[in-house]
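In: Here is a sequence with its predicted model. Questions after.
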Amino acid sequence: MKHCDKCQVDIQTNQKYCPLCHQVLQGEDDPNIHELYPEYVPIRREILPLTKKIILFMTVVSIIILLTVNFVSWDGAFWSLIPVGGILYFWLIVRYGVLSKQNIAFKLALLTTVLVALLDLIEQFYGNPDIESWALNYVTPFAFLACNLAISVIIWVRRINYRDYIFYLISIIIFSLVPIILALVNVITIKWPAITAFGAAVFILLFIIFFFPKSIKEEIKKRFHL
Amino acid sequence: MGNEIGYNDWFKLDNAAKIFPAVSTKIETNTFRVQFALKEIVDPELLQLAADGILERYPMFKVRLKSGFFWSYLDYNSSPFYVEKLPTQVCGQLSPKENNGYLFKIYYRNNLITLEVFHTLSDGSGAVMLLKSLVYEYLVLKGYKLSPDNIILTKDSKPTIEEYEDSHGTYYNAKNRRHVPEKKAFGIKGTHIPDGHIGLISGTLSTKEVVELARKNQATVTEYLSAVIMYTIYITQIQYREHLKANQKPVKMFIPVNLRRHFPSKTLRNFTNFVKTDMVMNRSDISLEEILALVKEQFKKGMTKEELIRKMSENVAFEKNIFLRMTPYFLKKYVLKIGYQIMGLSLNTMSVTNIGKTDFPESMRPYIENVSAAVYSGKFNTLNVAIASFEDKFKITFTRSIIETTIEREFFRFFTIMGLKLEIESNYVEEYR
C-alpha cells in the first residue's frame, strides 16, 4: 500500500502522486492490487471526416454561386431556389434520414412531408399554369400513400415495436386527408390519386381502431396529457 | 404486444423529474451513481442475467423517455438492456437516444457493481433499492443461499401501485406553498478539467469514529460533516479575502432529505427534498464551532414538517400552473431551462448527499465489502460530495469538475490531524494527459 506522509493517508491504488497534495508517494507498487477505476481513455471527439467537410464546402459554395448567377442575370424569376431547395433536402436526408438515431417511422413521416411540401412549393412558383399540376395531383397523394403503407408494413413485420411507431402512422394518416380536402375545394383536378390515398388511409385507420382500440386511445392520452 | 404489464406501462414524470430532461446536457448531466463492492470478482454474464431478471420487477426503470405535446413521459421500453464495463467517465450524460433508450446503466469492474441513474427515473433511495435487488439476484444466481428478510424486493415479488406514486402530489398543500426568495450562492471556482471529465476522490473512514466525533459535538453525522465542509471552503477559499465581492455571497450547502423518512411513502421514484445551510463568511475569525451551531439551527428549521411541505408544495404549485401546463413542450423546455438557471444551480455552492447506512439482510452482509455513492459535478457546482456507509466503512466521495483539490485535501487532513485512520482512492484524473 502506498502512503502520503504529508497528508497522512494510505492510498488504495497504484498511483504515483498523492491525489490530495500531488506529491510523490512512498511505498512500492503492489502488483496484487485491483485498480479501482479504469485507466483514462480519451473521449472520442466527433471530428468532421474529410469527405463530409468537402461536401459541406461544395454545398455552401454552390449555393452562393447559384444565388449570385441568379441575381446577376435577373430575369424576374427566382429559379435558383429550385436547386438550393434540392441541396438543402439532400442535407435533411443525411442529417435526419441517415445519421439520426430516431425511429424509422419518424424519419419516413418527416422526409415525406418535407418532400411533398418542397415539390408543391416549386410547382406553385414555377409550374406552367396551363398544364395540370403534377406535384399536387399525383406526387402528394401517392407519397403519403407510400409512406402509410411503408410504416404499416414495418409495424406489421416488427410488431413488438408498434407503440413506438403508431404516433407517426396516425400523423401521416392525418396528412393523407390533405389531398382529399384539396380535391373537395377543387385545387386538385385529377381526383382518383387523392381518393386512392384517402381510401388506404381510412382503411389503415379503421384497422387500428378495430383491432388495437386501446393502443390508439392510450397513445393519444400519453402524447397529450397535461 | 408490449401491454403485458397492464396498467403501469407508462408514467407521467413525477414533480421532481419534470425539470431534468429539459435542463440536462453533457456538462450538467444530472446523473448520480451508487456502487457496491463485493468481496469477489464480478461475473459479467451472471450480472446480465440478474439485470434481465430484476428489470421486470422494476417497471419504472424499464422505460424510455418520450416527448408528448405538453410534457415528456416515460414509456415502456421493449429493447434489451445490456450491462457494461465501467468506463472512465464518472456520471456522464445518459442521453435518451443512446443505450437503447434506458436512462440508467449497470457497470461492472473487478469486484464493483455500479449503478448510474439519470435523476428523472429516481432518487438515491430508489437507486439503492434497485441495486440491492440486482446484487441480491446476482448472489442468488451465484448459488449462495440468501433470504430477502423484507429488505430486498426480489424478482418473484410483484410491483405495487404505491411504488409508482408521485408522492409530491400526495402531500401537496395548496395553502402552504409560499415562495421564499433566495440569494445567489458562493461558487467554488477553478480550472475546468478538459473533455468534461470528473475527478473522483473517495476517502474511507471508520463509521464508529465518525459517529463518535459527531456525537461529541452534539450533532448528527450529516450536520457535522456539512459544517466541516463549510469550514474547509471558508479556510481555503474565503478567509483573509473577505473583502472581495465574490466572497460576500453566502456559502450554501444543498443537502437532500429523503422524504420517505418523514412521510409514509413507499415510492421508488423521486421523493426527496432538501435542507440548505446558508452563511455569509465575510469575517476573518469564523470558527468551526460557530458554523456548526448555525448549521444545527438551520437543519432544525429546515426539517420541520411544515417547512418540508412548503418546499415541496412550492415546486408542485409551479408544475400545476395552468399557463405552464398549457405551453407546448418545445417552448416549455426553454421556460424550464431559464427557470433552472435562475432558481436552481446558482443558489447552491455544493451538494452534500448522505445516503446513510445501507441495510442488508443478515445473510447478504458477508458478501458486501463496501457501499459508496457519487454525484455529477458541473459548471457552477464544481464540487459535490456523496456519503455512504456500510458496517465500519464510511465512504466520503468527492466529485469535481475542476483540477484543484484544495478542498478535498484540507477536508481529509482535518480528520487525519485528529488521528483518524483514512484511506484514499481516486480515479487518476490528475494523471490524465
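Out: That came through fine.
In: Ends of stretch B:279-294, what's the gap?
Out: Distance across stretch B:279-294, first residue to last, is 8 Å (Cα to Cα, to the nearest Å).
In: my bad, stretch B:73-86
Out: Stretch B:73-86 end-to-end distance (Cα to Cα) = 28 Å.
In: Let me see the residues that make contact with that stretch.
Out: Applying Cβ atoms under 8 Å, 6 or more residues apart in numbering or on different chains, the contact partners of stretch B:73-86 are A:37-38, A:160-161, A:163, A:222, A:225, B:2, B:5, B:9-13, B:44, B:47-48, B:51-52, B:55, B:59-60, B:62-67, B:100-102, B:105-109, B:112, B:114, B:120-121. Every C-beta, even on glycine, is put in place using the N, C-alpha and C of the backbone.
In: Sitting in helices, which of these do you find?
Out: Among the contacts of stretch B:73-86, the residues falling in helices (DSSP state H) are A:Arg163, A:Lys222, B:Pro44, B:Leu47, B:Gln48, B:Ala51, B:Asp52, B:Leu55.
In: list the contacts for the fourth one?
Out: In this structure, B:Leu47 makes contact with B:Val83, B:Ile106, B:Tyr108, B:Ile113, B:Leu134, B:Tyr138, judged by Cβ under 8 Å, 6+ apart.
In: Pick the one among the residues you listed closest to B:Lys421.
Out: Using Cβ to Cβ, B:Ile113 is the member of those that sits closest to B:Lys421, with 26.1 Å.
In: Let me see the domain layout of chain B.
Out: For chain B, automatic domain parsing gives the domain ranges B:6-164, B:194-359+B:375-431.
In: I'd like the ones you listed as JSON lines, with distance to A:Val116 appended.
Out: Formatted as JSON lines, the domains of chain B follow (distance: least, Cβ to Cβ, whole Å):
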{"stretch": "domain B:6-164", "distance to A:Val116": "23"}
{"stretch": "domain B:194-359+B:375-431", "distance to A:Val116": "23"}
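In: could I get those as a markdown table with mean pLDDT?
Out: As requested, the domains of chain B are exported to a markdown table (pLDDT from 0 to 100):
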| stretch | mean pLDDT |
| --- | --- |
| domain B:6-164 | 90 |
| domain B:194-359+B:375-431 | 91 |
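In: hang on, the earlier thing: which two in the ones in helices among the contacts of stretch B:73-86 are spaced the farthest apart?
Out: Largest separation among the ones in helices among the contacts of stretch B:73-86 by Cβ to Cβ: A:Lys222 and B:Pro44, giving 35.1 Å.
In: For those two, indicate the residue with more neighbours.
Out: Legend: neighbour count by other Cβ atoms under 10 Å in any protein chain shown for A:Lys222 and B:Pro44, higher for A:Lys222 (21 against 15).
In: Surely that one touches B:Phe70?
Out: No - counting by Cβ atoms under 8 Å, A:Lys222 sits too far from B:Phe70 to count as a contact (10.7 Å).
In: Now find how far off-centre the helix or strand of chain A with the lowest mean pLDDT is within its chain.
Out: Across the helices and strands of chain A, mean pLDDT, DSSP states H and E gives its lowest value to helix A:162-175, namely a mean of 74. Centroid separation for helix A:162-175 versus its chain: 15 Å, with Cα atoms, centre = their mean, to the nearest Å.
In: Who are the packing partners of that helix?
Out: Here helix A:162-175 touches helix A:104-126, helix A:140-157, helix A:192-211, helix A:213-224, going by 3 or more Cβ pairs under 8 Å, 6 or more residues apart in numbering or on different chains; DSSP states H and E.
In: how about the first one: buried residues?
Out: Buried residues in helix A:104-126, defined by neighbour count with 16 or more other Cβ atoms under 10 Å in any protein chain shown: A:104-116, A:118-120, A:123.
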